[in-house]
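J.: Sharing a model that was predicted from the sequence below.
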Amino acid sequence: MMAGKVAVAMSGGVDSAVAAYLLREKGYETVGITMCLGVADQPGSKVKCCGPQEIEDARRVCDLLEIPHYVMDFSGDLEECVIAPFIREYRRGRTPNPCVDCNRHIKFGVLMEKALAMGFDYLATGHYAGLSAVDGRPVMAVSRDPRKDQTYFL
């Protein structure tokens, strides 16, 4: 019996690849979803977040894991929920953290909504965080390695 259906936010990196592998091994029906954020493919540029090379890397990982891979366009959502507010706040002399806004509005907002609408039970990412239990329920905790910890993003 399947443990459920899970969509994994696949960045093309090691962490999301390991998350997908472990979930598939645990019996989850697993698919990878890569978020296209509208990053231009410019020669010589160092793309940091889901550019063409990262999308291809994620596709290759999904092929190796023998799971489906989807690419979804979130460029409009990124502009509206992350970039425009960042610019507005920066102009006011503030220093917003776009990664926190992206996680809140894009990954755990729009992507989660799409995954649920597609019939998935869960959304997983490769964020480095610990797990603990409170009253028998899992809760996020600071990871074992504080140098790699990403809980503050979440």
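T.: Yes, it's here.

J.: List the buried residues for stretch 57-77?
T.: Buried residues in stretch 57-77, counted by 16 or more other C-beta atoms under 10 Å: 57-59, 61-62, 65, 67, 69-70, 74, 77. C-betas here are computed from N, CA, C, even on glycine.

J.: Ala124: which of those is nearest?
T.: Distances from Ala124 to these, taken as C-beta to C-beta, are shortest for Ile67 (12.0 Å).

J.: and the closest one, which of the three is it?
T.: The three-state assignment at Ile67 reads coil, by DSSP: H, G, I helix; E, B strand; the rest coil.

J.: do you know how far it is from Ala133?
T.: Distance of Ile67 to Ala133, given as C-beta to C-beta, to the nearest Å: 29 Å.

J.: Could you give me the buried positions within stretch 23-41?
T.: 23-24, 28-37, 39.

J.: now these in JSON lines, with distance to Lys5, pLDDT and secondary structure?
T.: Converted to JSON lines, those look like this (distance: C-beta to C-beta, whole Å; pLDDT from 0 to 100; DSSP: H, G, I helix; E, B strand; the rest coil):
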{"residue": "Leu23", "distance to Lys5": "10", "pLDDT": "96", "secondary structure": "helix"}
{"residue": "Arg24", "distance to Lys5": "12", "pLDDT": "96", "secondary structure": "helix"}
{"residue": "Tyr28", "distance to Lys5": "7", "pLDDT": "96", "secondary structure": "coil"}
{"residue": "Glu29", "distance to Lys5": "5", "pLDDT": "96", "secondary structure": "strand"}
{"residue": "Thr30", "distance to Lys5": "8", "pLDDT": "97", "secondary structure": "strand"}
{"residue": "Val31", "distance to Lys5": "8", "pLDDT": "97", "secondary structure": "strand"}
{"residue": "Gly32", "distance to Lys5": "13", "pLDDT": "97", "secondary structure": "strand"}
{"residue": "Ile33", "distance to Lys5": "12", "pLDDT": "97", "secondary structure": "strand"}
{"residue": "Thr34", "distance to Lys5": "18", "pLDDT": "95", "secondary structure": "strand"}
{"residue": "Met35", "distance to Lys5": "19", "pLDDT": "92", "secondary structure": "strand"}
{"residue": "Cys36", "distance to Lys5": "22", "pLDDT": "88", "secondary structure": "strand"}
{"residue": "Leu37", "distance to Lys5": "24", "pLDDT": "84", "secondary structure": "coil"}
{"residue": "Val39", "distance to Lys5": "28", "pLDDT": "62", "secondary structure": "coil"}
